[in-house]
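Engineer: Please work out how this folds:
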Amino acid sequence: MLKSGTTPDRGSRRIVLLLAVVLAVALAAGSVIVLVNRDQRTDGPGPVASATPSGPASTQPSASTQPSASTRPSTSARPSPTSTVPSNAPTNRRSAADSLSTFFSSAGVLDRQLKEAAAAINASGPPWTAANPGVAQKVRAAKLAPVAGAIPAGMSHDLLQSVVLVLSDLTSRRYAMGSFEFQPSDPYANLLRELRNGHPAAARYADDVAAARALARSTAPLAPVPGSSRRTAEVLLLVRYVTLANGGCGSRGGAVLTRLPEVVWGPVTRNPEADGTVGGVAFSADLDSDGRWQVNLFAC
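Structural biologist: Residues are numbered from 1 along each chain as shown. I've put the predicted structure just below:
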């Protein structure tokens with residue numbers, strides 16, 4: 001029993017304090033439950049992405065088809081617009097090949113004609129005992145003039161040597177079958193030997209013409225050369241030399257010029273009428289009234 005004038009006992013104070021603590025704990029627990037429930041909601045606004053795509057299903061790939069980070073192309077690795085241009089794109093750079101286009105195209109035509117003539121000869125013998133008009137026609141159709149006439153003046157030594165080599169390949173092959181322009185009158189052994197004279201040239205022609213093309217493409221464009229220039233005459237002299245080596249003085253092919261014959265202008269002791277030598281053979285060269293060179297080789 002409390003006495004008047006005294007304070008409540010300590011037990012009463014403890015009961016009141018305990019109730020206050022219990023009430024505070026209960027309120028805190030209720031707040032936690034409310035927060036947890038809010039975090040578990042998926043239909044409310046916020047940064048949580050929806051499980052379904054926002055756009056049409058037909059245009060959005062599912063999560064299983066999305067490439068992983070290791071397979072997705074990096075935007076930093078994308079090529080710049082200039083890197084998409086092929087490195088081997090054609091250019092308009094001019095070269096000596098422009099001046100030799102007719103030569104190479106004519107050489108290609110003659111090469112095909114010579115192959116056709118050789119096939120006709122092989123199909124008609126051996127032995128070759130009678131004239132074959134079909135064979136003779138194919139041999140005569142293979143003309144050297146379009147190729148020789150398309151060689152321009154003004155080439156460097158190396159390019160001129162390469163072009164003359166191609167010409168000598170074709171000329172050797174053409175004269176090796178010269179007996180078949182008419183009725184073969186030589187013994188079989190002689191005809192076979194003549195045909196064999198053209199075999200080395202035929203075997204190397206593809207490589208020689210490819211090398212000449214490559215050199216022409218890598219050489220600067222040719223400067224115009226006047227028709228009255230000696231350089232024009234020198235081309236004519238080299239063509240005449242190739243023809244003489246393969247078809248002159250009874251020859252039947254076999255002369256492949258892997259080295260360019262040297263053209264020397266000046267007096268020739270053994271021939272006062274000569275204007276110089278080409279490959280050691282004396283020549284004459286005169287300009288006619290039209291300003292064109294007339295050349296001749298003193299041989300046979």
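Engineer: that's a strand at P152, yeah?
Structural biologist: No - counting by DSSP: H, G, I helix; E, B strand; the rest coil, P152 is not part of a strand but coil.
Engineer: does the residue nearest to P226 when sequence neighbours are not counted sit in a helix or strand, and which one?
Structural biologist: In space, P226 comes closest to T232 once its chain neighbours are excluded; the distance is 7.2 Å by CB to CB, 6 or more residues apart in numbering. Just so you know, the C-beta spots here come from the backbone N, C-alpha and C atoms, and that holds for glycine as well. Assigned by DSSP states H and E, T232 belongs to helix 230-247.
Engineer: and that helix, what other elements does it pack with?
Structural biologist: Here helix 230-247 touches helix 145-148, helix 157-176, strand 263-265, strand 276-278, strand 281-287, strand 293-297, going by 3 or more CB pairs under 8 Å, 6 or more residues apart in numbering; DSSP states H and E.
Engineer: Could you list the residues in contact with it?
Structural biologist: 144, 148, 151-154, 160, 164, 167-168, 171-172, 174-175, 178, 225-226, 251-255, 257, 260-261, 263, 265, 278-279, 281, 283, 285, 293, 295-297, 299 (CB atoms under 8 Å, 6 or more residues apart in numbering).
Engineer: how about a cut-off of 6 Å?
Structural biologist: Residues outside helix 230-247 that contact it (CB atoms under 6 Å, 6 or more residues apart in numbering): 148, 151, 153-154, 164, 167-168, 171-172, 175, 225, 253, 255, 261, 263, 278-279, 283, 285, 293, 295, 297, 299.
Engineer: what does stretch 133-143 give?
Structural biologist: Here stretch 133-143 has contacts from 110, 113-114, 116-117, 120-121, 124, 174, 177, 180-181, using CB under 6 Å, 6+ apart.
Engineer: can you count the residues close to T258?
Structural biologist: Neighbourhood size, T258 [other CB atoms under 10 Å]: 10.
Engineer: pLDDT score assigned to it?
Structural biologist: We have a pLDDT of 97 for T258.
Engineer: any idea how far L297 is from it?
Structural biologist: Distance check for T258 against L297: by CB to CB, to the nearest Å, it reads 20 Å.
Engineer: for P267, same thing?
Structural biologist: On the measure of CB to CB, P267 and L297 end up 17 Å apart.
Engineer: quick one: which of those two has more around it?
Structural biologist: Remark: of P267 and L297, L297 carries more neighbours, 20 against 9, as counted by other CB under 10 Å.
Engineer: what residues are up against that one?
Structural biologist: 240, 244, 281, 283.
Engineer: give the contact list for the last one.
Structural biologist: Going back to what we said before, that points to F283. Counted by CB under 6 Å, 6+ apart, F283 has contacts 237, 276, 297.
Engineer: Now pLDDT and distance to L195 too, for the residues you listed, in TSV please.
Structural biologist: Formatted as TSV, the contacts of F283 follow (pLDDT from 0 to 100; distance: CB to CB, whole Å):
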residue	pLDDT	distance to L195
L237	98	29
G276	97	35
L297	97	26
